[in-house]
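could you work out the structure for the sequence below:
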Amino acid sequence: MNNYICPPKLRQKLLLAGLSVWELFIILSLLIFNLVLHNFMAALFYPTLVAAFFVRIFDGKSLKDLFLIVLRYHTTPQMFTSHHTLKGNRYEKKRTS
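A predicted model of the protein is given here:
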């Protein structure tokens, strides 16, 4: 039994409805900014678009994470190994003179 003076570090991000605190802050700031400007369609559209992009629905990954995985896959150079064939059977006895 381990006794901690303070609890151990969390192993995952603190999420509220699949969003981190900073992502919620961005969504709420977009909503308030567009409501102050009396742009009600943008106040509904932009926060919804950002929430759909950041919410973690695919096995703990968001659309942003999946996009970055695909982008990293297609932009990093791929390493290929060369295959060398041996002449003859490698198990056959070598000739000794």
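
quick one: contacts for residue 73?
Not one residue lies near residue 73 by C-beta atoms under 8 Å, 6 or more residues apart in numbering. Heads up, the C-betas are built off the backbone N, CA and C, glycines and all.

so which elements touch the strand or helix carrying residue 24?
Using DSSP states H and E, residue 24 sits within helix 21-36. Contact analysis of helix 21-36 by 3 or more C-beta pairs under 8 Å, 6 or more residues apart in numbering; DSSP states H and E lists helix 40-54 as its packing neighbours.

so the helix it packs on versus helix 21-36, what angle?
Following axes from the mean of the first three to the mean of the last three C-alpha atoms, to 10 degrees, one obtains 170 degrees for the angle between helix 40-54 and helix 21-36.

now helix 40-54: buried residues?
43, 46, 47, 50, 51, 54 (16 or more other C-beta atoms under 10 Å).

who are the packing partners of that helix?
helix 21-36, helix 63-75.

angle of the first one against helix 63-75?
It refers to helix 21-36. Using the same axes, to 10 degrees, helix 21-36 lies at 110 degrees relative to helix 63-75.
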